[in-house]
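Asker: Based on what follows, work out the 3D shape:
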Amino acid sequence: MPRSDSSAVLVIVSTLIMAMALRILPLPHGLFIYNPDWVLLFLIYWSMALPERVGVGSAWFVGLFTDTLTGRMLGQHALAYAVVGYFCVRLHRRLRLYPLPQQTLSALAFLLLSQLLIFWTQNIKGSNAIGATYWLPSLTGAILWPAVFLILRHVRRRFNII
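Answerer: Down below sits the predicted model:
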């Protein structure tokens, strides 16, 4: 029997809180540059799996919490997450049919789009150059996407969230 709406929301919110904890996890200096945007990875999954529950508005609110959590300018992550959330919801039927390697490429595109939007909002007034290491979290996130997908799908099935 499918879970009630309140318990499904509790599971989704719990996974997003866990993603925020992973986002601020203290890593050694050499590994910190590889830390992917866990929150966005989890949002991509939930907006693909349950677009009627996790959409643009949810992504925007989670982005505001992420801005607060990371100490960035308020609205940076909110904008990036809302744009990525829009594309995930808009394309969810197609994305769900893709095999996992093709979904990984889609996740990479979404992560790169998010980083591009965040870079753009950070540098509206001036033109700062970025190095190759700026894009490493997106690559790491794409590498981790199959594991994130399989774990969250297991959670969704375990708690019978539809």
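
Asker: quick one: what helix or strand has the closest residue in space to residue 115 that isn't next to it in sequence in it?
Answerer: Leaving aside its sequence neighbours, residue 115 sits nearest to residue 138 (C-beta to C-beta, 6 or more residues apart in numbering; 5.6 Å). For every residue, glycine as well, the C-beta is placed using N, CA and C. Assessed by DSSP states H and E, residue 138 sits inside helix 136-158.

Asker: Output the contacting helices and strands for that helix.
Answerer: Helices and strands touching helix 136-158, by 3 or more C-beta pairs under 8 Å, 6 or more residues apart in numbering; DSSP states H and E, are helix 5-23, helix 38-49, helix 100-122.

Asker: now the angle from that helix to helix 5-23?
Answerer: If you take axes from the mean of the first three to the mean of the last three C-alpha atoms, to 10 degrees, helix 136-158 sits at 150 degrees to helix 5-23.

Asker: any idea of the angle helix 136-158 forms with helix 38-49?
Answerer: Comparing the axes of helix 136-158 and helix 38-49 via the same axes, to 10 degrees yields an angle of 50 degrees.

Asker: and the lowest-mean-pLDDT helix or strand in the chain, what other elements does it pack with?
Answerer: Sorting the helices and strands of the chain by mean pLDDT, DSSP states H and E puts helix 29-32 at the bottom, at a mean of 86. Applying 3+ C-beta pairs under 8 Å, 6+ apart, we find helix 29-32 packed against no helix or strand.

Asker: Next, the contact list for the residue nearest in space to the middle of the chain, please.
Answerer: Computing the C-alpha centroid of the chain and ranking residues by C-alpha atoms, centre = their mean puts residue 40 first, at 1.0 Å. Contact partners of residue 40, counting by C-beta atoms under 8 Å, 6 or more residues apart in numbering, are 80-81, 84, 110-111, 114, 141.
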